[in-house]
Every structure is written in C-alpha cells, then in structure tokens.
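Engineer: Any chance you could fold what I've pasted below:
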Amino acid sequence: MEARNMSRVTEFILLGIPFLYDLHRVFFVVGLFMYLVTIFGNGFILLIVAIEPRLQTPMYIFLSNLAFLEICYTSTVVPKFLQTLVETKTTICFHCCLAQGFLHFIFGSTELFILTAMAFDRYLAICRPLQYPIIMAKHVCIQMSLATWYAAFVVNVFHYCIVQTLPFCGPNIIDHFFCDIGPLLSLVCGETYLIESLRLLTAFLIVIMTLLLMIVSYMFIIVTILRIPSAVGRKKAFSTCTSHLLVVSILYGALVIMYVRPNVQSSSRLTRTVAVLNTTLTPMLNPFIYTIRNAEVKKA
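Structural biologist: Got it, this is the predicted structure:
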C-alpha cells in the first residue's frame with residue numbers, strides 16, 4: 001500500500017561517465033566516429049553477403065545475423081551515450097529506459113546464441129565434413145538463426161515484465177550511460193532479491209552455458225585439426241576459426257566482468273569502462289576481424 005501511494009518515477013537522469021568530464025568532447029568525437037564505422041562496416045557485410053552468391057553459405061548467413069545484431073546492439077545504447085557526453089543533464093522517459101535495457105539484453109543474448117551456432121557450424125565443417133552439407137542446409141541455418149532471436153526474447157521478457165512492476169518512487173539518477181539492469185535496480189524502493197537472483201541465474205545460463213558449449217566444440221575441433229597430417233592443412237583448418245575465437249574472447253571477457261557477479265547494482269569505473277568498450281569498440285572491430293584475413297570476402 002505504501003508503494004502504491006508514492007509518486008511513480010516518470011523519467012530517469014543518466015549520469016554518463018562523470019569521472020572523465022574533461023574529456024567528454026574528445027569522447028564524443030571518437031564515439032561518433034566509432035559508431036559510424038560500426039554501422040557502415042557491419043552494413044557492408046550485410047550488403048556483400050546479400051549480393052554475392054558465393055558467400056550465401058551457412059557461415060556467412062550466421063555472420064550476416066551477427067552483423068545485423070551489432071548494428072542493433074550499438075544503436076540501442078550509443079546514440080544516448082553520445083547525448084550524455086554533450087549535455088550536462090540527459091533524461092530518458094521511464095518506458096524508454098525499460099525498452100532500452102530490454103532491447104540491449106535481447107540483442108546481446110541473441111549475439112551469444114549466434115556465436116554458439118557459429119561454433120557448432122565450425123565443428124561440423126571440420127569434424128564432420130562429409131555430413132556438413134546435409135546437416136547445415138540453408139533452411140536449417142535460417143531456422144537456427146530465427147531460433148536464437150526467439151530464445152533471447154523469451155529469456156529476457158520475464159525480467160522486464162518484473163522490472164516494470166517494481167516500485168520506482170524516489171531517486172531517479174542512474175549512475176551509468178544507459179539503462180543497465182544493475183544501476184536501475186539500485187533505484188527500486190523495495191525488495192529486489194527475486195529479480196537479482198533471476199538475473200544472476202539467467203546470466204549464468206546464457207553466458208556460462210554458451211561459453212561451455214563453445215569450449216566443447218573447440219576441443220573437438222582442436223583434436224581433429226591435430227590429427228591432420230599436413231602442416232598446411234592444419235594451418236588452413238585453424239585459420240577458419242581464428243576470427244570467431246578472437247571475437248568470443250573479447251566479448252565473453254567483457255560480459256563476465258559486467259554481469260556474472262552477485263552484486264551488479266554497483267557501477268564501478270572498471271565495469272563502466274568495460275561497458276563503453278563493449279558497446280562501441282567491439283561492434284566496430286568485428287567487421288574487420290571477420291573480413292581482413294578472409295580471402296572469400298576479399299574476392300567478393
């Protein structure tokens with residue numbers, strides 16, 4: 001009853017990164033440049049896969065999904081982040097804040113599922129080459145891609161249904177540059193044990209379980225590669241996995257620091273810095289990581 005009688009928060013104030021206030025203008029220019037490179041770089045991958053028949057294979061279908069996700073993921077957070085760098089007081093409406101956090105986690109979860117599907121694709125290509133064309137047919141890849149989006153939506157929708165019902169009745173200053181779940185929960189005027197436990201469980205299931213699946217896949221891949229008698233053959237087989245491994249290493253390192261820990265309500269300088277890099281630098285680098293050493297893309 002007390003929670004109902006309190007006035008509900010209608011908007012939040014995003015603090016951004018106040019501990020680097022003197023560098024905000026520099027960060028704005030750099031951030032805008034990185035955002036534009038992310039959009040054009042990932043857009044290039046979408047375009048070239050769509051118009052080049054030789055690239056319409058399972059690996060590039062998944063890569064197209066990843067490129068589209070990077071555009072969506074960074075566009076959910078970066079424009080508002082750039083606004084916090086040029087305004088002393090950046091506000092965001094209550095439902096806009098929930099929508100931003102919801103979409104951020106949907107796109108992020110889908111990206112992890114897509115990366116897991118790409119690891120499975122590499123496992124079949126290297127360990128089961130004769131069965132690969134049958135198992136990874138084009139319609140199967142499309143179904144797997146759609147399944148990753150559906151799974152991410154189902155996993156995250158319950159969180160934000162619960163968050164929407166929580167009593168936000170007093171403080172409205174989010175000590176972050178976007179509506180991340182941790183800083184948002186710190187403003188709740190009530191008990192958050194249930195949603196925090198659910199968040200930790202979901203983070204464990206999504207981040208740790210997908211990572212374990214990829215580790216298992218690559219264990220089989222490495223064993224198979226080591227059995228190849230030719231050194232050239234081993235190098236060629238492993239080169240098809242290096243880009244994926246590099247992206248996975250960068251992404252999962254950031255996610256473990258940000259989310260797979262008991263107390264996410266505190267937004268330290270380290271976690272905020274990692275979050276900035278995860279939403280700006282990683283999406284920008286992915287197109288270069290996947291294309292700079294890719295002979296097929298260079299030909300296309």
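
Engineer: Any regions of the stretch 1-150 of the chain where pLDDT drops low?
Structural biologist: Across the stretch 1-150 of the chain, the ranges flagged by pLDDT under 70 are 1-7, 19-20.

Engineer: any chance you could map the strands in it?
Structural biologist: Counting by DSSP state E, counting those that start in this stretch, the stretch 1-150 of the chain has strands at residues 11-14, 90-93.

Engineer: and the strand or helix carrying residue 151, what other elements does it pack with?
Structural biologist: If you go by DSSP states H and E, residue 151 is part of helix 138-165. Counting contacts by 3 or more C-beta pairs under 8 Å, 6 or more residues apart in numbering; DSSP states H and E, helix 138-165 is packed against helix 58-86, helix 94-127, helix 181-185, helix 193-203. Heads up, the C-betas are built off the backbone N, CA and C, glycines and all.

Engineer: Figure out which of these is closest to residue 288.
Structural biologist: Among these, the nearest to residue 288 by C-beta to C-beta is helix 58-86 (11.9 Å).

Engineer: Okay, buried residues for the closest one please.
Structural biologist: Across helix 58-86, burial judged by 16 or more other C-beta atoms under 10 Å covers 58-78, 80-85.

Engineer: do stretch 281-294 as well
Structural biologist: Using 16+ other C-beta under 10 Å as the test for burial, stretch 281-294 gives 282-287, 289-291, 294.

Engineer: again, but for stretch 149-161
Structural biologist: Neighbour counts over stretch 149-161 (16+ other C-beta under 10 Å) mark 149, 152, 155-156, 159-160 as buried.

Engineer: would TSV of those with distance to residue 201 be doable?
Structural biologist: What follows is the buried residues of stretch 149-161, written out as TSV (distance: C-beta to C-beta, whole Å):
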residue	distance to residue 201
149	21
152	16
155	10
156	13
159	11
160	16
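
Engineer: ok, back up a step: return the most buried member of the strands of the stretch 1-150 of the chain.
Structural biologist: strand 11-14 (a mean of 18; mean count of other C-beta atoms under 10 Å).

Engineer: Check which helices and strands that strand sits against.
Structural biologist: Packing partners of strand 11-14 (3+ C-beta pairs under 8 Å, 6+ apart): strand 90-93, helix 94-127, strand 173-174.

Engineer: Can you give the strand pairings for the shortest one, parallel or anti for each?
Structural biologist: Same thing as strand 173-174. The pairing partners recorded for strand 173-174 under DSSP bridges are strand 11-14 (parallel).

Engineer: Please write out the alpha-carbon positions of the strand it pairs with in CSV.
Structural biologist: The C-alpha trace of strand 11-14 is given here as CSV (Å, rounded to 0.1, in the frame of the first residue of the first chain):
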residue,chain,number,x,y,z
GLU,A,11,11.8,9.7,-16.1
PHE,A,12,15.4,9.0,-15.3
ILE,A,13,18.6,11.0,-15.4
LEU,A,14,21.7,9.4,-17.0
